[in-house]
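predicted model follows, preceded by the sequence.
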Amino acid sequence: MKNNLLEHINIPQDLRNLSVDELPQLAKELREFIIDIVATKEGHLGASLGVVELTIALHYVFDTPNDLLVWDVGHQAYGHKILTGRKTIFHTNRQLGGISGFPKRSESEYDAFGVGHSSTSISAVLGMAIASKLKGESNKQHIAVIGDASIASGMAFEGLNHAGVTDANILIILNDNAMGIDPSVGALKEYFTNVKAGKSVRKNNIAEALNFNYSGPINGHDIHILLEELNRLKSIKGPKFLHITTTKGKGLRKAEKDQITYHAPGKFDKITGERILKSDDNSPPKYQDVFGLTLVELAEKNDKIVGITPAMPTGSSLKYMLEKFPERAFDVGIAEQHAVTLSAGLVTQGMIPYCNIYSTFLQRAYDQIIHDVAIQNLPVIFCLDRAGLVGEDGATHHGVFDIAYLRLIPNLVVYAPMNEAELRNILYTVQLGLEHPIAIRYPRGRGTTVDWKTSFKKIEIGKGKQLSQGEKIAVLTIGTVGNVIPKVKREFPTNTIAHFNMQFVKPLDEKLLHKIFKKFNLLITIEDGTIIGGFGSAILEFACTNNYQNKTIKRIGVPDNFIEHGKVDELYKIVGLDKESIVKEIEKLV
């Protein structure tokens, strides 16, 4: 058998020239290649290691890119990228100017659909299959690979429900490893566990009940079995469902044993798997930990507090409350819509729900925010982790739209802390009693203060504050981006800049704004959200409504385009939110 098979594989056609007996060796090399790169360049690891055999089998059996293959979620797609023309540039994965960490249509013809959020594959593939039928492409194959956590989402069920009453030529492959980023949860997860254990009889098969031709479960690491079954299914028309079982992190012992950590482990030793940890000594805390630990502290004294997250207990640090108060903390799976309306139901019965959702994922529950929460004026507490630019995950994950899409909703308060103390204090304030629902947005990453566990102070809703004096220009900031202004001020004479931390996007502190507009003719607004419809737009609306004429108002924020992936500080320079860019804008005005 040849060595270095992967060296000669650049596109799937090269792969198909191998013999079946050579494919296990290729799988070994592909795993080693992924581990070698991700160990130093970082990224998502466990999910792609778990589908190496499946990836090879799919491209071996099907005529990609003519046959259409959709990965759900794109965490699984590293092997796919390497086998489809991106091997030599895979080391640029998730880096500024490099390839995306997720499938992306503009990047490769083999990426049939862009996938950053979960549970979209079945609907997308069904749309493709229906289009193929209408075009008379009777032999075209349409394949979706979806995880057991993703298939529990409502959108996946909607797709299955529709697909089961069509004659569309689609194949849904359930990659069942009992894991998302955290362990899968819910009744459907228990059902799949029973199927794997042989406890579920065929007449109770969910897929068959929905009119799918079901097969499995089969070993997703046995490439010969995979090839045999995929070739069989290839000749069967209509909706098909293949259930495979895999191990997340397969091939790296540390990743197999600690699947949560090794979903995205950072740098690690490629031989031993040991993580190369940065020292956190004397470092400010992560905002997610400020949230998680503060919530536990509050819950110890207030038994009405409950915590809710859609499949992100570790990422959001709700894990601390799950450990301390498991009966009052809920991981509801990948179900953002359900998380929001569940929170609304809890409020009606006097509970105080902290609904913790990444900013980018809250977009998926927009109607529920309006219909189930805001119209009824139910004081749900939305804690929006990963607000602003999040870095290497790129356009699908940047939380830059929340200010704009939330501030237009009646009854909803929108708050952005500038530091850990303000986050801690708003979390304390809202459980004392709220008249309206509130969204609290905070970024990914670390704060500014090591000794952050200060005594609680109540925050007055709708009040901003002046942080420094100045005579020439008023700088109005919202959120943690305001921490750069003291550094900016040092570039100018002492009396130049007055800094105002507005705190609330809604309601605006109109008393403070009147004071600012009466004194200053030059104003700059700064936010780490989209400039269209955001905080700066709110200030312009205030100026227009109150007839403040002859004022120069410069808005700085995320421009009206999707920001790609890269380190946060790199992206800040690109969008003009770094210190140097802000200094230049102030120099132009002054």
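Happy to help now that I have it. Residues are numbered from 1 along each chain as shown.

for Gly216, helix, strand, or coil?
Classification of Gly216 by DSSP: H, G, I helix; E, B strand; the rest coil places it in strand.

what's the burial count for the closest residue to it other than its chain neighbours?
In this structure, Gly216 finds its nearest non-sequential neighbour in His243, 3.1 Å apart by C-beta to C-beta, 6 or more residues apart in numbering. (C-beta placed from N, C-alpha, C; glycine too.) As a burial measure, His243 scores 21 neighbours (other C-beta atoms under 10 Å).

repeat for Ser235
Using other C-beta under 10 Å, Ser235 has 6 neighbouring residues.

list the contacts of it.
Applying C-beta atoms under 8 Å, 6 or more residues apart in numbering, we find Ser235 in contact with no residue.

please look at Gly536 and Ala543 and confirm they touch.
No - look at Gly536 against Ala543 with C-beta atoms under 8 Å: they stay out of range, at 10.7 Å.

who touches both of these two?
With C-beta under 8 Å, 6+ apart, Gly536 and Ala543 have common neighbours Ile553.

the more surrounded of the two?
Neighbours around Gly536 and Ala543, counted as other C-beta under 10 Å, are more numerous at Gly536. The numbers are 25 against 16.

could you pull up the mean pLDDT of the helix or strand the more buried one falls within?
Per DSSP states H and E: Gly536 is located in helix 535-545. Averaged over helix 535-545, pLDDT sits at 98.

where does pLDDT dip in the chain?
Within the chain, the set of residues satisfying pLDDT under 70 comprises 1-2, 199-204, 281.

tell me the domain ranges of it?
6-263, 287-441, 465-589 (automatic domain parsing).

how close does the closest residue to Ala311 other than its chain neighbours sit to Ile516?
Once flanking residues are discounted, Ala311 sits nearest to Ile334: 4.6 Å by C-beta to C-beta, 6+ apart. The gap separating Ile334 from Ile516 is 43 Å, by C-beta to C-beta, to the nearest Å.

which one of the two is surrounded by more residues?
Ile334 (29 against 21).

ok, the closest residue to Ser118 other than its chain neighbours - how many residues close by?
Distance criterion C-beta to C-beta, 6+ apart; nearest residue to Ser118, sequence neighbours excluded, is Ser150 at 4.0 Å. A count of nearby residues for Ser150, using other C-beta under 10 Å, gives 29.

from now on call the first residue 3
Okay, using 3 as the starting number, the last item reads as Ser152.

which residues does Ser152 contact?
Asp74, Val75, Ser120, Ser121, Ser123, Ala158, Gly182, Ile336.

switch to 7 Å and redo it
Listed by C-beta atoms under 7 Å, 6 or more residues apart in numbering, the contact partners of Ser152 are Asp74, Val75, Ser120, Ser121, Ala158, Ile336.

then Gly335?
Ala151, Ala154, Val187, Gly188, Pro312, Ala313.

which of the helices or strands spans the closest residue to Glu493 other than its chain neighbours?
Nearest non-adjacent residue to Glu493, counting by C-beta to C-beta, 6+ apart: Val585, 5.0 Å away. Using DSSP H and E, Val585 sits in helix 581-591.

show residues contacting that helix.
By C-beta under 7 Å, 6+ apart, helix 581-591 touches 475, 486, 489-490, 493-494, 524, 526, 528, 554, 556, 558, 575.

now the buried members of those.
Ile475, Val486, Val490, Phe494, Leu524, Ile526, Ile528, Lys556, Ile558, Lys575 (16 or more other C-beta atoms under 10 Å).

where along the stretch 203-352 of the chain do the strands fall?
215-221, 242-247, 307-311, 331-333 (DSSP state E, counting those that start in this stretch).

repeat for the stretch 53-202 of the chain
Using DSSP E, counting those that start in this stretch, strands in the stretch 53-202 of the chain cover 70-74, 144-149, 172-178.

now those strands in TSV, with mean neighbour count?
Formatted as TSV, these follow (neighbours: other C-beta atoms under 10 Å):
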stretch	mean neighbour count
strand 70-74	27
strand 144-149	28
strand 172-178	26
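
dump these into JSON lines; add distance to Glu44 as well.
Below are these laid out as JSON lines (distance: least, C-beta to C-beta, whole Å):
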{"stretch": "strand 70-74", "distance to Glu44": "20"}
{"stretch": "strand 144-149", "distance to Glu44": "21"}
{"stretch": "strand 172-178", "distance to Glu44": "23"}
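
Ile39 belongs to a helix, doesn't it?
Yes - looking at Ile39 with three-state DSSP, it is inside a helix.

isn't it up against Thr94?
No - counting by C-beta atoms under 7 Å, Thr94 is not a contact partner of Ile39; they are 9.7 Å apart.

the more surrounded of the two?
Ranked by neighbour count (other C-beta under 10 Å), Ile39 and Thr94 place Ile39 first, with 20 against 15.

got a list of what the more buried one touches?
Residues near Ile39 by C-beta under 7 Å, 6+ apart: Phe92, His93.

look up how far Gly268 lies from it.
14 Å.

which neighbours do these two share?
In contact with both Ile39 and Gly268: no residue, using C-beta under 7 Å, 6+ apart.

list the buried residues in stretch 101-111.
Within stretch 101-111, the residues scored as buried using 16+ other C-beta under 10 Å are Ile101, Ser102, Gly103, Phe104, Pro105, Lys106, Glu109, Ser110.

now do stretch 547-565
Buried-residue list, stretch 547-565, by 16+ other C-beta under 10 Å: Tyr550, Ile555, Lys556, Arg557, Ile558, Gly559, Val560, Ile565.

got the CA coordinates for it in PDB?
Extracted in PDB, the C-alpha atoms of stretch 547-565 (Å, rounded to 0.1, in the frame of the first residue of the first chain):
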ATOM      1  CA  THR A 547     -36.900  65.100  16.900                       C
ATOM      2  CA  ASN A 548     -35.700  67.900  19.200                       C
ATOM      3  CA  ASN A 549     -34.700  70.200  16.400                       C
ATOM      4  CA  TYR A 550     -31.000  70.400  17.200                       C
ATOM      5  CA  GLN A 551     -29.600  72.100  14.100                       C
ATOM      6  CA  ASN A 552     -26.100  72.900  13.000                       C
ATOM      7  CA  LYS A 553     -24.700  70.000  14.900                       C
ATOM      8  CA  THR A 554     -22.000  67.700  13.400                       C
ATOM      9  CA  ILE A 555     -22.700  64.100  14.400                       C
ATOM     10  CA  LYS A 556     -20.200  61.500  13.300                       C
ATOM     11  CA  ARG A 557     -21.200  57.800  13.700                       C
ATOM     12  CA  ILE A 558     -18.600  55.100  14.100                       C
ATOM     13  CA  GLY A 559     -19.700  51.400  14.000                       C
ATOM     14  CA  VAL A 560     -19.700  48.300  11.900                       C
ATOM     15  CA  PRO A 561     -20.300  49.200   8.200                       C
ATOM     16  CA  ASP A 562     -23.100  48.000   6.100                       C
ATOM     17  CA  ASN A 563     -21.500  44.800   4.900                       C
ATOM     18  CA  PHE A 564     -20.900  41.300   6.300                       C
ATOM     19  CA  ILE A 565     -17.500  41.300   8.200                       C
END
